[in-house]
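*Asks:* could you work out the structure for the sequence below:
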Amino acid sequence: MSEQQDVVEVLVTDHREVEGMFGELERMTGRYDEKVKLLAEQVVIELVRHAVAEEAYLYPAVREHVPGGDPLADKELAEHAEAERTMKKLEELQPDDEAFWPTMDRLMAEIRQHVRDEENDLFPRLRQACSEEQLKELGEKIQRAKKTAPTRPHPSAPDEPPANKLLAPGAGLVDRLRDVLTGRGR
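*Replies:* Here you go, the predicted model:
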């Protein structure tokens with residue numbers, strides 16, 4: 001059995017997976033086929049699951065443990081909200097819609113900036129403020145949360161505890177049922 005990853009390792013792995021999907025999408029720029037739509041759906045699914053888990057566990061830990069954590073968490077939550085609005089727009093578009101590729105480009109730019117901020121500022125500060133045990137416990141919580149998290153953007157849903165922790169599993173269940181019925185994310 002492999003050793004439990006800490007929260008930073010879990011989230012950086014997510015970042016690299018999404019970046020890989022972004023690279024693949026960039027190689028498809030201008031295409032209008034089903035493969036583009038499926039990959040765009042997969043990007044949204046992964047980003048939503050990642051964001052919900054961060055909002056439930058990472059940002060509260062930043063507020064609690066990192067000096068100056070409140071404004072840092074607020075900034076990250078604002079970035080999530082903006083990206084979620086962009087994902088909601090993208091979800092309503094087909095690859096042959098005129099706005100599809102500009103919206104995808106905007107989402108990639110938003111996420112890449114967010115990833116830079118987290119990896120260059122937030123994660124080092126969190127590592128400095130928390131014990132290895134705390135970081136591993138957070139990593140476990142993040143991985144658990146992603147399993148029940150919604151798969152679709154819900155821009156008006158709460159993004160802070162306790163409401164987000166109470167509502168996310170129910171929204172996740174509904175989203176996964178909708179995904180099965182529609183074939184989304186296959």
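
*Asks:* grab the longest helix from this structure for me.
*Replies:* helix 69-91 (DSSP state H).

*Asks:* whichever helix or strand comes after that one: how far from the chain's middle?
*Replies:* Next along the chain after helix 69-91, taking DSSP states H and E as the criterion, comes helix 100-117. Taking CA atoms, centre = their mean, to the nearest Å, one finds helix 100-117 lying 12 Å from the centre of the chain it belongs to.

*Asks:* which stretches of the protein have low pLDDT?
*Replies:* 1-2, 154-182, 184-186 (pLDDT under 70).

*Asks:* helices along that one, start to end?
*Replies:* Taking DSSP H as the criterion, the chain carries its helices at 7-27, 34-53, 59-65, 69-91, 100-117, 123-129, 132-148, 163-182.

*Asks:* starting at the chain centroid, how far to the fourth one?
*Replies:* Here helix 69-91 is found 9 Å from its chain centre; the criterion is CA atoms, centre = their mean.

*Asks:* return the set of buried residues in it.
*Replies:* When neighbours are counted by 16 or more other CB atoms under 10 Å, the buried residues of helix 69-91 are found to be 69, 72-73, 76-77, 79-80, 82-84, 86-87, 89-90. Where you see a C-beta, it was placed from the backbone N, CA and C, and this is true even at glycine.
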